[in-house]
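> Task: produce atomic coordinates for the following.
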Amino acid sequence: MDLLEHENYSENHFCVTDKERRNIKQIENKLKENIYRNFPQIEPLSDSIGVSPSKLKTCFKKIHQKTLYQYYSDLQMEAAKEEILKGKSINETAELFNYSNVSKFSNRFKEHFGVLPSKMLENNLSNLAN
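You can find the predicted model right below:
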């Protein structure tokens, strides 16, 4: 979810300044640009916007109500869903998102969407057939 579209965002949002909001937006963009990679190290991310790792984590969580890792993992799952619905196999999708174990990918997918990727694919295929 984009920072400015976030349902709890307001001009007086917590103690976050305009500069901090711009910094978090930059981090969101970096995470989106690197969606097919493993979760990046926090220190280079914080260095890229000139803040400490703890400041980055605190501001990010205040804005998104989730950690950087949770946010990134959610982005990956949304992108993985799109790949599966476009026709990529579950194995290929798991590999694309750096899961060495397909069952771990499937479990994370189910945790996020409430359904296994195979079931989502099956439902999508039956919807297309109707």
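
> going forward, measure contacts between C-alpha atoms and count neighbours the same way
Noted.

> out of everything not next to it in sequence, what's closest to Phe97?
Tyr36 (5.1 Å; Cα to Cα, 6 or more residues apart in numbering).

> if I pick the residue most central in space within the chain, what's in contact with it?
Centrality entry for the chain: nearest residue to the mean C-alpha point is Leu75, 2.1 Å, by Cα atoms, centre = their mean. Applying Cα atoms under 8 Å, 6 or more residues apart in numbering to Leu75 gives the contacts Lys32, Ile35.

> so what's the residue nearest to Phe97 scoring on pLDDT?
Note on Tyr36: pLDDT of 93.

> Correct me if wrong: it contacts Gln76.
Yes - using Cα atoms under 8 Å, Tyr36 is in contact with Gln76, at 7.5 Å.

> overlap in contacts of those two?
With Cα under 8 Å, 6+ apart, Tyr36 and Gln76 have common neighbours Phe97.

> who has more neighbours, these two?
Gln76 (22 against 16; other Cα atoms under 10 Å).

> how's the protein carved up into domains?
Split into domains by automatic domain parsing, the chain comes to 3-65, 73-129.
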